[in-house]
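K.L.:
attaching a predicted model along with its sequence, questions to come.
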Amino acid sequence: MNNHRYITGLDGLRALAIISVVFYHFTFSLAKGGFLGVDIFFVLSGYLVTSKILLSPETFKIQTFWKNRLRRILPSAYLMIIVTVLWVILFNHNLLTNFLGDAISSILYTTNWWFIFHKISYFDSFGSPSPLKHLWFLAVQEQFYILWPLILIIGLKITKKINKLSITIFIGTLLSATLMGILYNPTADPSRIYYGTDTRAFELLIGCFLATVLANKKPITKKISIKQKNRLKLISIISFSIFILSVIFIDEYNSFLYRGGLFLFSLNTALLITCICHPKGILGPILSWRPLRWIGTRSYGIYLWHYPIMVLSTPIYEIGNPSCLRVFFQLAITCIIAELSYRFIEMPIRNWEVKKYYNSLAITILSVIMIIFITIGITSIIKTNVNLDKVEAYLPKKDTTQTSETKPSNENYNEIEINPNKTDIKIDNSISNENNEKTLLTEIETYKEILAIGDSIMLDITSNLNEKYNNITIDGKIGRQMSEAVTLADKYTEFNTSDKAVIIELGTNGAFTNKQIDELLDSFSQAHIFLINTRVPRSWESKVNDTLKEKAKERENVTLIDWYSIASKHPEYFEPDGVHLNSKGSEALTNLINENLRP
């Protein structure tokens, strides 16, 4: 295999990888597995760096490699960090509390370990996430660039033969992938293994392994048979299809990912790279399409800028559910800045045009600042228009027949979805306050005690529940995940009896596995369990609600409280973040719970 020629098809692969990542961050429905784009970059980095070293290991100078690598990476990254810091200081004071540590760790390329030690989840992002959170990937990559050349040169001196070295590298990939599987806890947030250099090393090492394997292959100059060509075509189609289908359908909560899935995906990426590099293959020419090459060659700038632009120009209430117009402007501005970065920073440095570089840097900085202020103006206009619509939605409608103390109208409450094996319960909206008091007494007699477990939404309705029930125990916590509730169940074993009710409100902060929810439900198998589904403008909303609905159908003692169907029609129930409840929303959810608990 000829490693000396420039493979334009790899630019196309970079393009598909960065498109996947960007679409994932913008919560596009067709990119549930877009985060896998970084795995492609990891494998590709391992392959290219190792190939470069193996071309001339005797003359390879580590200091020169480090210098060139830092020279190509740092200026663009530091410019982005400086601009982001200035933006936060000037326009986003609420981010300053934790932002200093993020910025320092980004400069030192230790972001991934900073997030691990401070338990900052990659998958949970309420309010405004850190605009530098995406730099965990570059931190892992830079740590690899520093360590791997040393390890490889030492390995070559010890083993002498590339074949032995490739076997050693592959053993390293197995150890790293195994460590990921060992550290993975299905009842905990997977961010530790997602960020970790040690648990992501196998992806880089698979690329290194590929380079050592191809280094022994002679360049293909002869024609290949039709049979060989068809076989190569079939392998290329299968490998490429696996990549596309993975990006579309696999989500980050699938436990298979951390127990071999990412390892297999990385192996497929190595196969994909091989097919692209093959001079007789079909993927190389296809991925050399000029628009893809344009995106691929600017993928570094796109990756650097898309995330802070998205975070800093998206209002909190739009996170996870942004307006199409805003996304269009954000993507357009990202591409413009990436082009400026490529032309006036990356290329001049790459070609050693130092004087031109400094002049270009000044031009780029001024251009970026201008674009930022244009962005502020555009997003302010969009925000104003959106907020006007929201203000109208929040204004109470005139109704002479109801006051804030009465029950909501039929428009607010529909038939409650519960287990098919139980009798359907419908809302009676003409109940008087006197009947409410009688209902309270009946509920207390029906359920000896009530336990309510939840997250910040449960905290929103705590005072309402305490007013409604005098026999209720409430355990709510900001940011609580299903995994935490599973370990909490042992604390409340006394509620696992047929005369007690357990209300579970979880899923606001992320999806969960079947194993996690089953374990929690098994802990209260004798009690009557009420599962409240979620209304949260995040990518995991439908996954959470589908799982809860399925569990209500599976179990006789479980009833689904369909909060989503009501809340999705009433934006006025929520605070500006679109997640937490105001007083009106708290009252509505409490009333819905009350109607379901009624015998």
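P.N.:
Received, thanks. Numbers count the residues shown, from 1 in each chain.

K.L.:
quick one: the helices in the stretch 101-250 of the chain?
P.N.:
111-117, 136-159, 162-183, 191-195, 197-215, 226-249 (DSSP state H, counting those that start in this stretch).

K.L.:
so which of those helices comes closest to residue 78?
P.N.:
Set against residue 78 and scored by Cβ to Cβ, the helices of the stretch 101-250 of the chain come closest in helix 136-159, at 11.5 Å. In short, each C-beta sits where N, CA and C put it, glycine included.

K.L.:
quick one: contacts of the closest one?
P.N.:
Helix 136-159 is touched from outside by 38, 41-42, 45-46, 49-50, 53, 57, 60, 62, 65-66, 69, 73, 77, 105-106, 109-113, 115, 122, 162, 165, 168-169, 195, 197, 200-201, 204, 208, 303, with contacts defined as Cβ atoms under 8 Å, 6 or more residues apart in numbering.

K.L.:
ranking helices and strands of the chain by mean pLDDT, which lands last?
P.N.:
One helix or strand of the chain scores below all others by mean pLDDT, DSSP states H and E: helix 433-446, with a mean of 47.

K.L.:
which SSE is immediately downstream of that one?
P.N.:
As assigned by DSSP states H and E, the chain's next helix or strand after helix 433-446 is strand 449-454.

K.L.:
and that following strand, which strands flank it?
P.N.:
For strand 449-454, the paired strands and their directions (DSSP bridges) are strand 472-476 (parallel), strand 500-505 (parallel).

K.L.:
pLDDT averaged over the longest one - what is it?
P.N.:
Confidence over strand 500-505, taken as the mean pLDDT, stands at 96.

K.L.:
what comes up buried for stretch 495-514?
P.N.:
The neighbour-count criterion (16 or more other Cβ atoms under 10 Å) identifies 495-496, 500-513 as the buried residues of stretch 495-514.

K.L.:
and what of stretch 290-308?
P.N.:
Quick answer for stretch 290-308 (16+ other Cβ under 10 Å): 292-308.

K.L.:
just stretch 252-264 next, same as before
P.N.:
Residues 252-253, 255, 257-259, 261-263 are the ones in stretch 252-264 that count as buried (16+ other Cβ under 10 Å).

K.L.:
of all the residues you listed, which two lie farthest apart?
P.N.:
Pairwise over the buried residues of stretch 252-264, using Cβ to Cβ, the maximum falls at 253 and 263, 17.8 Å.

K.L.:
gap between residue 571 and residue 537?
P.N.:
Going from residue 571 to residue 537 by Cβ to Cβ, to the nearest Å gives 10 Å.

K.L.:
what do the two both touch?
P.N.:
Residues within reach of residue 571 and of residue 537 at once, by Cβ under 8 Å, 6+ apart, are residue 578.

K.L.:
next helix or strand past the helix or strand harbouring residue 37?
P.N.:
If you go by DSSP H and E, residue 37 is part of helix 37-55. As assigned by DSSP H and E, the chain's next helix or strand after helix 37-55 is helix 62-91.

K.L.:
which strands and helices sit next to that following helix?
P.N.:
With contacts defined as 3 or more Cβ pairs under 8 Å, 6 or more residues apart in numbering; DSSP states H and E, the secondary structure elements packing on helix 62-91 are helix 96-107, helix 136-159, helix 299-312, helix 347-350, helix 354-394.

K.L.:
next, the buried residues of the fourth one.
P.N.:
Buried residues in helix 347-350, counting neighbours by 16+ other Cβ under 10 Å, are found at 348-349.

K.L.:
contact partners for the spatially most central residue of the chain?
P.N.:
Nearest residue to the geometric centre of the chain (Cα atoms, centre = their mean): residue 123, 4.5 Å. Taking Cβ under 8 Å, 6+ apart as the criterion, residue 123 is in contact with 189-191, 194, 252-253, 510.

K.L.:
now the residues you listed as a markdown table including pLDDT and distance to residue 278?
P.N.:
As requested, the contacts of residue 123 are arranged in a markdown table below (pLDDT from 0 to 100; distance: Cβ to Cβ, whole Å):
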| residue | pLDDT | distance to residue 278 |
| --- | --- | --- |
| 189 | 75 | 40 |
| 190 | 83 | 35 |
| 191 | 88 | 37 |
| 194 | 93 | 32 |
| 252 | 81 | 32 |
| 253 | 77 | 36 |
| 510 | 82 | 41 |
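
K.L.:
of the residues you listed, which pair is most distant in space?
P.N.:
So for the contacts of residue 123, where distance means Cβ to Cβ, the most widely separated pair is 194 and 510, at 12.8 Å.

K.L.:
isn't residue 232 up against residue 277?
P.N.:
No: with contact defined as Cβ atoms under 8 Å, residue 232 does not reach residue 277; the gap is 11.5 Å.

K.L.:
look at the two and report which has more neighbours.
P.N.:
residue 277 (22 against 18; other Cβ atoms under 10 Å).

K.L.:
these two touch, right, that one and residue 217?
P.N.:
No: the criterion here is Cβ under 8 Å, and residue 277 misses it with residue 217 at 10.0 Å.

K.L.:
show the pLDDT at residue 319.
P.N.:
Note on residue 319: pLDDT of 68.

K.L.:
same question for residue 38.
P.N.:
On the pLDDT scale, residue 38 is placed at 97.

K.L.:
tell me the contacts of it?
P.N.:
17, 21, 137.

K.L.:
now, among those, which is nearest to residue 241?
P.N.:
residue 17 (16.0 Å).

K.L.:
name the element the closest one belongs to?
P.N.:
Using DSSP H and E, residue 17 maps to helix 8-25.

K.L.:
for that helix, the distance to its chain's centre please.
P.N.:
16 Å (Cα atoms, centre = their mean, to the nearest Å).

K.L.:
repeat that for stretch 309-329.
P.N.:
Per Cα atoms, centre = their mean, the centroid offset for stretch 309-329 relative to its chain is 15 Å.

K.L.:
buried sites along it?
P.N.:
By 16+ other Cβ under 10 Å, the buried positions in stretch 309-329 come out as 309-315, 317-320, 322, 326-327, 329.

K.L.:
for it, measure first residue to last.
P.N.:
End-to-end distance of stretch 309-329: 10 Å, with Cα to Cα, to the nearest Å as the criterion.

K.L.:
same thing with stretch 550-559?
P.N.:
Using Cα to Cα, the two ends of stretch 550-559 sit 11 Å apart.

K.L.:
give me the buried positions along that stretch.
P.N.:
Applying 16+ other Cβ under 10 Å to stretch 550-559 flags 551-552, 555, 557-559 as buried.
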